[in-house]
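K.L.:
Just to be clear, the model below is a prediction. Sequence and coordinates:
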Amino acid sequence: MLVAALRRRSVARPPLWLMRQAGRYLPEYRALRQRAGDFLELCYNPELAAEATLQPVRRFGFDAAILFSDILVIPDALGCPVAFEQGAGPRLEPVRDETAVDRLRRDRLLEHLAPVYEAIRVVRRSLPAETALIGFAGAPWTLAAYMIEGGSSSEFYAARAFALRRPDIFAKLITVLIEAVVEHLAAQIAAGADVVQLFDSWAGILPEPEFERWCQAPARAIVTRLNARHPEVPIIAFPRGAGVRYRSYAQAVPVDGLSLDTTVSLAWAREALPDVCLQGNLDPAALLAGGVVACREARRIVAALGERPFVFNLGHGVLPQTDPAAVAALVDYVRSVRLPERGEP
């Protein structure tokens, strides 16, 4: 159903999955996380990562599973060590000069990430045939921002200043990351992913010229190369915070699906983005408010997008404090929706 919707074919109801549908809001995940210890160890353990991926599908019957992993496995695999500190988020060894960029090793990527691809194979064998499996990667700008900043930030000023001060070195880093993202996504497809999503979580903090250079252009390169190698696999992009620049992004990047963040007006998106399947964009706070509120807001989204190809999702990830009962109520509502038949594109 997810693949059909992304290909803009008629479906009986909206396909449904949620970003961060596996995670701390589920008691079974919390038990698994405690068993695994370190977060990256969980990502790199095929059996445990597969179990984390499958848990929300078993509980809620989502139309897709998304691989349990993290966008920062790519820097880690390239030789920019990543650690997750309890309550502090990711810590990376900063990449802030040309020597550090030259030390990155793309030749070790696939070997380092082999456990991730094995997790995909385990999940694919365990999923019902009708349930899609989504692989993913972080987009180059977002990965570079973490690598230069040395961790998370609300504005990534160090990364933005570096890109402005030394665009030659920054472009070199982006080129390395484009190649790495293509290889990582292609390996996930080879292992059994039916769909892939590109997360550009910090796209919205860039001014327009930098947005075009560091978000749109790398995404176009990645999608074009993947489409040439795997034309049968739909690609979703999520340039979070892009605002009205979603329009130029959709025109520049040949994706099948465009995931909308919570702030995007659906009336605007319906008119401005006619040639792509839209995904989103329920506010995660609506789920936090409970099932009644989530279903009310979901009805508004269905009313806005129900006559065009779309995938029901959130505008960002499920919050850890979310009650699983609210997710169950949302799933029941979306399953009850019946969409009008449309002509094929």
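P.N.:
Yep, that arrived.
K.L.:
Okay, buried residues for the helix or strand of the chain with the lowest mean pLDDT please.
P.N.:
Counting by mean pLDDT, DSSP states H and E, the chain has its least confident helix or strand at strand 82-85, which shows a mean of 92. If you call a residue buried by 16 or more other Cβ atoms under 10 Å, then strand 82-85 has these buried ones: 82, 84. Where you see a C-beta, it was placed from the backbone N, CA and C, and this is true even at glycine.
K.L.:
what do you get for stretch 32-48?
P.N.:
By neighbour count, and taking 16+ other Cβ under 10 Å as the criterion, the buried residues in stretch 32-48 are 32-33, 36, 39-40, 42-46, 48.
K.L.:
now the residues you listed in TSV, with secondary structure and distance to Val311?
P.N.:
Shown next, in TSV, are the buried residues of stretch 32-48 (DSSP: H, G, I helix; E, B strand; the rest coil; distance: Cβ to Cβ, whole Å):
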residue	secondary structure	distance to Val311
Leu32	helix	27
Arg33	helix	28
Ala36	helix	30
Phe39	helix	28
Leu40	helix	29
Leu42	helix	27
Cys43	helix	25
Tyr44	coil	29
Asn45	coil	29
Pro46	helix	27
Leu48	helix	28
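K.L.:
Quickly name whichever of these is closest to Leu67.
P.N.:
Taking Cβ to Cβ as the measure, Cys43 is the one of the buried residues of stretch 32-48 closest to Leu67, at 9.4 Å.
K.L.:
how many other residues sit next to the residue nearest to the closest one when sequence neighbours are not counted?
P.N.:
Setting aside the residues directly before and after it, Cys43 is nearest to Ser69 in space (Cβ to Cβ, 6 or more residues apart in numbering), at 5.1 Å. When neighbours are defined as other Cβ atoms under 10 Å, Ser69 has 25 of them.
K.L.:
next one: phi and psi at Ser69?
P.N.:
phi -160, psi -160 (degrees, to the nearest 10).
K.L.:
Quick one, grab the pLDDT at the residue nearest to Gly204 when sequence neighbours are not counted.
P.N.:
Leaving aside its sequence neighbours, Gly204 sits nearest to Gly241 (Cβ to Cβ, 6+ apart; 1.7 Å). Gly241 is assigned a pLDDT of 98 by the prediction.
K.L.:
How about Gly89?
P.N.:
Among the per-residue scores, Gly89 shows a pLDDT of 87.
K.L.:
give the contact list for the residue nearest to it when sequence neighbours are not counted.
P.N.:
Of all residues beyond its chain neighbours, the one nearest Gly89 is Ser152 (4.5 Å), with distances taken as Cβ to Cβ, 6+ apart. Taking Cβ atoms under 8 Å, 6 or more residues apart in numbering, we find Ser152 in contact with 89-90, 146.
K.L.:
Go through these and give me the one with the most neighbours.
P.N.:
The most crowded member of the contacts of Ser152 is Tyr146, carrying 28 neighbours; neighbours defined as other Cβ under 10 Å.
K.L.:
quick one: it and Val73 touch, right?
P.N.:
No - Tyr146 is not in contact with Val73 according to Cβ atoms under 8 Å; the separation is 11.7 Å.
K.L.:
So what sits opposite the closest residue to Ile71 other than its chain neighbours in the bridge?
P.N.:
Distances taken as Cβ to Cβ, 6+ apart put Gly138 closest to Ile71, at 3.0 Å, once the chain neighbours are dropped. When assigned by DSSP bridges, Gly138 has beta-bridge partners Phe199.
K.L.:
mind checking how far Gly138 is from Ser126?
P.N.:
Counting by Cβ to Cβ, to the nearest Å, the separation of Gly138 from Ser126 is 26 Å.
K.L.:
what about the two, which has more around it?
P.N.:
Neighbour totals were compared for Gly138 and Ser126, and Gly138 leads with 25 against 16 (other Cβ under 10 Å).
K.L.:
Is that one in contact with Val181, as I believe?
P.N.:
Yes - with the criterion set as Cβ under 8 Å, Gly138 and Val181 qualify as a contacting pair; they are 7.4 Å apart.
K.L.:
State whether Gln279 is indeed within a helix.
P.N.:
No - membership of Gln279 in a helix is not supported by DSSP: H, G, I helix; E, B strand; the rest coil, which gives strand.
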